[in-house]
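K.L.:
here is my input; please provide its structure:
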Amino acid sequence: MSNLKVVLSPDAPSPIGPYSQGVKYQNTLYVSGQIALNPETNTLIIDSIERETRYVLEHIKNIVEKGGSGISQIIKCSIFVADMNDFAKINEVYSAFFGEHQPARETVEVARLPKDARIEISCIAACNNE
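P.N.:
Numbering: from 1, shown residues only. Model prediction:
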């Protein structure tokens, strides 16, 4: 698959494992799960689930834009949470971030996330073929 293009945004955290922030194939961008790491210090933001969610969504936005797309082109999000009791707060931030655009999504409670984050989001977005 020689037409795969790795997408790397300096405005999102560097990968903490053997993966890319995003991979573009034809007109589709696949964005790896993002947690609320500060890209400059590599420390986890954990003071509130709302702030953590905003940080994650900003990382998604930065990667999607670096890949030649935008948040209105996000087709699907996968949300992983450590505590489903945070769902209403997460949903409020998510809804404000996307506005009228409503990508398909699922939300799954998991036992543990990398670096003990409370939320991780990945997405798939449509993009221009460059």
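
K.L.:
contacts and neighbour counts: CA atoms only from here.
P.N.:
Fine.

K.L.:
select the longest helix from the chain.
P.N.:
In the chain, with assignment by DSSP state H, the single longest helix is helix 49-66.

K.L.:
what is that helix packed up against?
P.N.:
strand 28-34, helix 87-98, strand 119-126 (3 or more C-alpha pairs under 8 Å, 6 or more residues apart in numbering; DSSP states H and E).

K.L.:
next secondary structure element downstream of it?
P.N.:
Towards the C-terminus, the helix or strand next in line after helix 49-66, according to DSSP states H and E, is strand 74-81.

K.L.:
give me the contacts around that following strand.
P.N.:
Taking C-alpha atoms under 8 Å, 6 or more residues apart in numbering as the criterion, the residues outside strand 74-81 that touch it are 103-110, 113, 118-126.

K.L.:
can we see that at 10 Å?
P.N.:
Contacts of strand 74-81 with the rest of the structure, by C-alpha atoms under 10 Å, 6 or more residues apart in numbering, involve 28-35, 49, 60-61, 64, 87, 90, 98, 101-113, 117-127.

K.L.:
want to throw the helices and strands packed on helix 49-66 into JSON lines with distance to residue 6?
P.N.:
Written out in JSON lines, the entries for the helices and strands packed on helix 49-66 read as follows (distance: least, C-alpha to C-alpha, whole Å):
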{"stretch": "strand 28-34", "distance to residue 6": "9"}
{"stretch": "helix 87-98", "distance to residue 6": "25"}
{"stretch": "strand 119-126", "distance to residue 6": "14"}
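
K.L.:
with mean neighbour count, mean pLDDT and distance to residue 72 as extra columns, can I get those in CSV?
P.N.:
As requested, these are exported to CSV (neighbours: other C-alpha atoms under 10 Å; pLDDT from 0 to 100; distance: least, C-alpha to C-alpha, whole Å):
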stretch, mean neighbour count, mean pLDDT, distance to residue 72
strand 28-34, 23, 98, 13
helix 87-98, 14, 98, 8
strand 119-126, 22, 98, 9
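
K.L.:
for residue 45, which of the ones you listed is the nearest?
P.N.:
Distances from residue 45 to each of those were compared using C-alpha to C-alpha; the minimum, 10.7 Å, belongs to strand 119-126.

K.L.:
what's that closest one packed up against?
P.N.:
strand 22-25, strand 28-34, helix 49-66, strand 74-81, strand 104-109 (3 or more C-alpha pairs under 10 Å, 6 or more residues apart in numbering; DSSP states H and E).
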